[in-house]
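> I need the structure of the sequence given here:
(chains A and B)
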Amino acid sequence: MKTETKAVDIDRNKGNFSYDVAHAYDAGIGLTEKTIHYISDIKEDPDWVREFRLKGLKTFLEKPLPTHWASKDLEAIDFDKIRYYLSGGVQPKRNWEDVPDDVKRTFERLGIPEQERKFLAGVEAQFDSEAVYSNIKKAVGEQGVIFVGSTEGLKNHPEIFRKWFGKVIPIGDNKFSALNSAVFSGGSFIYVPPGVKVKHPLQAYFRINAENFGQFERTLIICDEGSELTYMEGCTAPKFNTATLHSAVVELVALKGAKLQYITVQNWSSNVFNLVTKRGIAHEDAQVKWIDCNIGSRLTMKYPGVIMKGRKARGEVLSIALANDGQHQDTGAKMIHAADETTSNIISKSISIGKGRATYRGLVHVPKHLKNCKNNTECDALLINSTSRTDTYPAITVRGTGNAVQHEASVSQVSAEQIFYMQQRGLSEAQAMSLSVNGFVNDLVRQFPMEYSVELKRLIELEMEGSVG
Amino acid sequence: METESILSGPKDFLDFPDWFRDQQHEAWKEFQSLPAPTRKDQLWRFSSVDLLDLSPFKPAGELSEEDRQNVLKYSRGLDEVAGRMIFANGQLIERDVISEQLKKRGVIFQPLERAMVEHADLFRKHFMSQPAVLGSAKFAALHKAFVSSGTFLFVPRGVEIELPIEIFHWLRHDNMAIFPHLLLVADELAKVTVIEHFASCDKEAPGFACGVNDLISGPGAKITYVCAQTWGENVRALQMNTTTVDHDASAMSLNLHLGGKYSRFESLSRLMGEGARSDLLAVAVATNDQEFDARTLQDHVSPHTASDLLYKNALDDRARCTFGGLIRVEPHAHFTDAYQKVRNLLLSDDSEANSMPGLEILADNVRCTHGATSGQVNEDELFYLRTRGIPVKVAQRLIVTGFLNEVIRRLDHASIGSYLHDLIETKFA
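Residues are numbered from 1 along each chain as shown, chains lettered A, B, ... in the order given. Alright, predicted model coming up:
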């Protein structure tokens, strides 16, 4: 056991602990129709959800692993040895005091309630399969903003939920979205009414505590006309001996003129397979912006996308990936232009340390007869050690004469001159390296909310420790 | 007698040595066992694989005397060349021998079938020695099984051939299949330039060309390879080129694609020794329903190597262009300097450009960049030319040729440059 520290940031070691938690509900090991019925029974799913889950299972079993283009490491996931549902109950608590002590300990150690008091408009905390705590500030709730878990969302707000659920990311989008559709549990459901601008971010915190466990949260966020929202999610898990699976589906809908920003700081322990499908639809004049930061996990495969469906819609992905020994950050972005005058921007920065591998995969699609669509893609990769690896695989399709697309990528190493300069000013080689790397991502990090950018810088410094010399 | 499709297998070429015929049998088996490509293969993504139905195509047959004369008449390339070979339907029609002096210095310029007998060691060492890694392993096997002739060019140590060597490949009659081959070996410090012309006698005749080139640039050597492809409008073509560049050597290639219904071009450039440099250039003008599919790999095997790729496409009507390129820096290939740029100019609403510029870097201390752009003719430039009294059509053509000429200028070869320029102009006319 490590000694307790009072650090405010969430670093890798800080998340590396687990408590024995007795789960009241456990769907057992392996995945069959019985698992689905077990989950549906506990959650008292309406029939259409149960059918949706069964269809998801069928699709999941039919689809092959995408190893013809993706990492062969996927084959290391043993779907028969995973526990698909674990919870202490389906009703999240509104009061921090009501959260069971053993779970509360976990989140208090991660500093969640503290952060809520500090700057968040609402918080949800998910422990294994279900949200254990969900709270939204009174003032925000009074504006009509709904912020609940997905289970509660589909039960209490079916009229909004059903209209969009599974529409942005269909069951069969890929093998892992199908898996999520079958066993999803937890995640957030958010609805922001027309014209409401939520000043402070809403936050969700995802924690895996159990070994051999798969977390499959499902998030659906709808920003009605002219509304604005920033949503942040953080993830941690302890480091067990066996691999853990996290496979989320996140659907965003920004209706006319809405602005939706989704921030992820992913710091799963380095044995988690993080296979996530994230996509947003931006209607006329709307904006969807993904800020995606991947620092943890063994293998992350995540390509946040935006479908720009209405005129003048805008999609943006800002991505930072840090791949250390034993890690493969396979991240990227998808931009589907489906209306005139839509613009998209992708900026991706990756850092590979030690034997780490960072991959960028991108897709930009501009169909014909669209006018004045613009895409800009920049991906920069930084290699720290001679064993580090980086790949870039974009795919860009452009039809017609009215559009402009540009893609640029560069790969470089930290310049020896820079390091030398800093060293002769008294910095150690490691400090100099860390400073260089922070400089490399600085223009992106600045776009994060302050608390996150501070945390991110600390994380990068920690990851850089011992990578040189 | 009706000739059978190439899919029923090759006939024996009796004048080939046994070892080569064995290789051909093996290759045919390999062709049969390998699966046909599908769009799901990353290396065939966006490619219209359904256009590769080979069943109508037959091994090319004998030519009449009149055809031979016509082929000779129309084989007009550069004004001055050091040597020339003309093939039609896979058979050698004419070979203009290299000057006596070059011959004395050991330059070998022979049809393939002779070289495999007279220079078996050289031939066996280099003939298709690199695996086809860019998706067309099946078609490389087909080529090997069917290849009947081709060019063998060996330039010995220190020999510099100033004038270009010229090779023509013609397709005559409907539904013929040909398998062009060039085996070029430039020994240490040698220097040579080769231009290959691919053309059809009949503008509308369907045909199939499946070519492989082995281009070897020995230590300190310098090779320049140019391809001018003007197939007829119903030709399906696959070309697989492998360039290996030894230490301190350089290789430059320029591929001009103007003809064909579907033309796929794979270019593998392997930088094997320190100080090696490879320049990969290509220009495509795609109109009507044409499809050009280019796949490239800049494979940096050794440290201190450089490569630079520039591909430009101009697309009109319903044409499609696909570019899939990869810069791969192998472990330990530090101090690599690699560049890759593809630019598409879309001239119509129905044209489509797909770009997949890729990087795989397994070493550090490298400088690798790539860029891909797709856009259209700049309205300001067009307006400027129009204010000078130039009609829209002409102005547009000027801008497009200017855009493409940047690539041809990189070749830095006056006579070949103006020849290629004329071909582009002819296509626009």
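> what's the burial count for residue 333?
Because you didn't say which chain, this covers chain A. A:A333 is flanked by 30 other residues according to other Cβ atoms under 10 Å in any protein chain shown. For every residue, glycine as well, the C-beta is placed using N, CA and C.
> To clarify, I was referring to chain B.
For B:A333, the number of neighbouring residues by other Cβ under 10 Å comes to 23.
> Excluding covalently adjacent residues, which one is nearest to it?
In this structure, B:A333 finds its nearest non-sequential neighbour in B:H300, 4.4 Å apart by Cβ to Cβ, 6 or more residues apart in numbering or on different chains.
> In space, what's closest to the closest residue to chain B within the stretch 201-350 of chain A - neighbours in sequence excluded?
Distances between the stretch 201-350 of chain A and chain B by Cβ to the nearest Cβ are smallest at A:S350, namely 10.8 Å. What sits nearest to A:S350 in space, not counting adjacent residues and going by Cβ to Cβ, 6+ apart, is A:A358, at 3.6 Å.
> does the one you found have beta-bridge partners, and which?
Taking DSSP bridges as the rule, A:A358 bridges to A:Q329, A:T390.
> distance of it from A:L299?
According to Cβ to Cβ, to the nearest Å, A:A358 and A:L299 sit 12 Å apart.
> neighbour-wise, which of those two wins?
Per other Cβ under 10 Å, whichever of A:A358 and A:L299 has more neighbours is A:A358, with 30 against 23.
> Let me see the confidence value for the more buried one.
Looking at A:A358, its pLDDT reads 94.
> Next up, the contacts around it.
A:A358 makes contacts with A:321-323, A:328-329, A:331, A:350-352, A:381, A:389-391, as judged by Cβ atoms under 8 Å, 6 or more residues apart in numbering or on different chains.
> before we move on, what about A:K55?
By Cβ under 8 Å, 6+ apart, A:K55 lies in contact with A:I171, A:S181.
> Helices along the chain, start to end?
Going with chain A. A:33-43, A:47-62, A:101-109, A:112-119, A:138-142, A:150-156, A:158-164, A:175-183, A:416-423, A:429-445, A:450-464 (DSSP state H).
> actually it's chain B I care about, not the one you picked
Taking DSSP H as the test, the helices found in chain B are B:18-33, B:65-74, B:100-104, B:112-118, B:120-126, B:137-146, B:379-387, B:392-411, B:414-428.
> what about those, which gets the closest to B:K222?
Nearest to B:K222, of all these, is helix B:392-411, at 13.0 Å by Cβ to Cβ.
> So is that closest one next to chain A?
No. Helix B:392-411 is not in contact with chain A by Cβ under 8 Å from any Cβ of the partner chain; minimum separation 11.0 Å.
> what sits up against that helix?
By Cβ under 8 Å, 6+ apart, helix B:392-411 touches B:224, B:226, B:252, B:254, B:279, B:281-283, B:285, B:310-312, B:314, B:343, B:345, B:347, B:377-378, B:381-382, B:385-386, B:390, B:417, B:420-421, B:424-425, B:428.
> Find me the pLDDT at the nearest residue to A:A70 once chain neighbours are set aside, would you?
Distance criterion Cβ to Cβ, 6+ apart; nearest residue to A:A70, sequence neighbours excluded, is A:M301 at 6.3 Å. Looking at A:M301, its pLDDT is 96.
> how close does A:M301 get to B:R114?
The gap separating A:M301 from B:R114 is 54 Å, by Cβ to Cβ.
> ok, these two, which is more surrounded?
When A:M301 and B:R114 are compared for neighbours, A:M301 comes out ahead with 25 against 15, by other Cβ under 10 Å.
> which residues touch the more buried one?
By Cβ under 8 Å, 6+ apart, the contact list for A:M301 reads A:A70, A:S71, A:F176, A:N274, A:L275, A:V276, A:D330, A:T331.
> Neighbour-wise, which one of these leads?
Counting neighbours by other Cβ under 10 Å, the top entry in these is A:T331, with 28 neighbours.
> tell me the pLDDT at the residue of the stretch 201-350 of chain A closest to chain B?
92.
> Please tell me I have it right and it contacts A:H328.
No. Contact criterion Cβ atoms under 8 Å: A:S350 and A:H328 do not qualify, at 11.1 Å.
> ok, the two, which is more surrounded?
Higher neighbour count among A:S350 and A:H328: A:S350, with 28 against 23, using other Cβ under 10 Å.
> Looking at the contacts of A:A358, which one is closest to A:L245?
Nearest to A:L245 among these, with distances taken as Cβ to Cβ, is A:H328, at 15.0 Å.
> and the residue in the stretch 1-150 of chain A positioned nearest to chain B, what is it in contact with?
Evaluated by Cβ to the nearest Cβ, the stretch 1-150 of chain A has A:W69 as its residue closest to chain B, separated by 5.1 Å. Residues near A:W69 by Cβ under 8 Å, 6+ apart: B:Q42.
> Please identify which pair of the contacts of A:A358 lies farthest apart.
Farthest pair in these (Cβ to Cβ) is A:L322 and A:D391. Separation: 15.3 Å.
> Comparing those two, which shows the higher neighbour count?
Neighbour count, other Cβ under 10 Å: between A:L322 and A:D391, A:L322 has more, with 26 against 23.
> Enumerate every residue touching that one.
Shown in contact with A:L322 (Cβ under 8 Å, 6+ apart): A:N294, A:I295, A:Q329, A:S350, A:I351, A:I353, A:G356, A:A358, A:L459, A:I460, A:E463.
> among those, which ones are buried?
Among the contacts of A:L322, those scoring as buried are A:N294, A:I295, A:Q329, A:S350, A:I351, A:I353, A:G356, A:A358, A:L459, A:I460, A:E463 (criterion: 16 or more other Cβ atoms under 10 Å in any protein chain shown).
> can you name the two of those that are farthest apart?
Within the buried ones among the contacts of A:L322, A:A358 and A:L459 form the most distant pair, 15.3 Å apart (Cβ to Cβ).
> Now B:A199: closest residue in space, sequence neighbours ignored.
B:T230 (4.9 Å).
> and that neighbour, what is it in contact with?
Listed by Cβ under 8 Å, 6+ apart, the contact set of B:T230 reads B:H197, B:F198, B:A199, B:S200, B:L258, B:G259, B:L423, B:K427.
> Strands of the stretch 151-300 of chain A, start to end?
Assigned by DSSP state E, counting those that start in this stretch, the stretch 151-300 of chain A shows strands spanning A:188-192, A:202-207, A:214-215, A:218-223, A:228-236, A:244-246, A:249-254, A:259-266, A:272-282, A:287-294, A:299-302.
> Determine which of those shows the lowest mean per-residue pLDDT.
Mean pLDDT is lowest for strand A:202-207 out of the strands of the stretch 151-300 of chain A, coming in at a mean of 81.
> partners of that one in the sheet?
In the sheet, strand A:202-207 lines up with strand A:122-127 (parallel), strand A:228-236 (parallel) (DSSP bridges).
> would you list these in a markdown table and tack on mean neighbour count and distance to A:D41?
Putting the strands paired with strand A:202-207 into a markdown table (neighbours: other Cβ atoms under 10 Å in any protein chain shown; distance: least, Cβ to Cβ, whole Å) gives the following:
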| stretch | mean neighbour count | distance to A:D41 |
| --- | --- | --- |
| strand A:122-127 | 26 | 20 |
| strand A:228-236 | 23 | 28 |
